[in-house]
Each structure stands twice: as structure tokens, then as C-alpha cells.
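K.L.:
requesting a structural model of the entry that follows:
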Amino acid sequence: MHILGTMLATILIGFFVGVIARWIKSGARTMGWIMTSLLGIGGAVVATWLGQELGWYERGDHAGFLASVAGAVAVLIAYEAIKPPLVRAHPPDQRARRPNH
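P.N.:
Next comes the predicted model:
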């Protein structure tokens with residue numbers, strides 16, 4: 001039961017980190033709550049890894065909330081840089097209309 005509680009807490013905190021990161025760096029409005037949670041969790045992972053590599057955290061330590069938000073903003077910037085743009089064949093206001101015969 002401890003592992004399940006830890007996983008649920010990670011997802012919940014990741015969601016809040018992702019929401020704050022999306023608020024700071026607006027633009028990716030097509031994300032649902034699952035992608036927002038993954039964004040926050042990914043930000044925490046990036047912040048933890050970077051902090052350990054730079055010597056800010058000991059091995060086994062985790063990044064704090066603010067560092068996780070900063071990591072999530074970095075992940076969001078990278079995501080927006082590599083995702084393909086949304087392409088529509090016919091924009092809603094420029095659709096070909098049939099003539100009324």
C-alpha cells in the first residue's frame with residue numbers, strides 16, 4: 001500500500017507542478033490533465049538529475065517544489081520546440097463551400 005500511496009502523491013504533486021509550469025509558460029493549450037501531470041513529473045526528474053549532477057543534491061535526494069517547477073518549464077519549452085505544429089487541411093473559416101444550384 002505504501003508504493004501505491006507514493007505513486008499517487010507523485011502524480012498529484014506532478015499535476016500541480018505541471019499546472020504552475022503551464023501558467024508560467026503559457027502556450028501549450030492542447031494538453032490534457034494526463035500530459036500536464038507527466039510534464040510536472042518530468043520536470044521533477046529533470047530538476048533532480050540536474051541538481052545531482054551539479055552537486056546541489058546528494059545521490060538519493062529529490063528536487064524541491066520550485067526546482068521541479070523550473071524543470072517542468074524547461075521540459076515544456078523543449079516539448080513546444082520539437083512537437084509538430086497542428087496542421088488543418090481547411091481552416092474553419094476558409095472551408096470550400098458548395099454552390100447552391
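K.L.:
please count neighbours and contacts with C-alpha atoms only from this point.
P.N.:
Will do.
K.L.:
and the closest residue to Leu39 other than its chain neighbours, how many neighbours?
P.N.:
Distance criterion CA to CA, 6 or more residues apart in numbering; nearest residue to Leu39, sequence neighbours excluded, is Gly18 at 5.3 Å. Look at Gly18: counted by other CA atoms under 10 Å, it has 31 neighbours.
K.L.:
who are the packing partners of the helix or strand containing Gly18?
P.N.:
Following DSSP states H and E, one finds Gly18 within helix 2-24. For helix 2-24, the elements it packs on are helix 33-53, helix 65-82, judged by 3 or more CA pairs under 8 Å, 6 or more residues apart in numbering; DSSP states H and E.
K.L.:
ok, and what's touching that helix?
P.N.:
Outside helix 2-24, the residues within contact range by CA atoms under 8 Å, 6 or more residues apart in numbering are 28, 33-34, 36-41, 43-44, 65, 68-70, 72-73, 76.
K.L.:
count of neighbours near Lys83?
P.N.:
8.
K.L.:
how distant is the least confident helix or strand in the chain by mean pLDDT from the center of its chain?
P.N.:
Least confident helix or strand, the chain: helix 2-24 with a mean of 83, by mean pLDDT, DSSP states H and E. How far helix 2-24 lies from its chain's middle: 11 Å, per CA atoms, centre = their mean, to the nearest Å.
K.L.:
where does this protein dip in pLDDT?
P.N.:
1, 27-29, 85-101 (pLDDT under 70).
K.L.:
so what's Glu58 closest to, chain neighbours aside?
P.N.:
Per CA to CA, 6+ apart, closest to Glu58 is Gln52, 6.0 Å.
K.L.:
over to Ala47?
P.N.:
Gly71 (4.9 Å).
K.L.:
could you report the neighbour count for that neighbour?
P.N.:
Neighbour count for Gly71, taken as other CA under 10 Å: 28.
K.L.:
what do you get for Ile11?
P.N.:
Neighbour tally, Ile11, other CA under 10 Å: 18.
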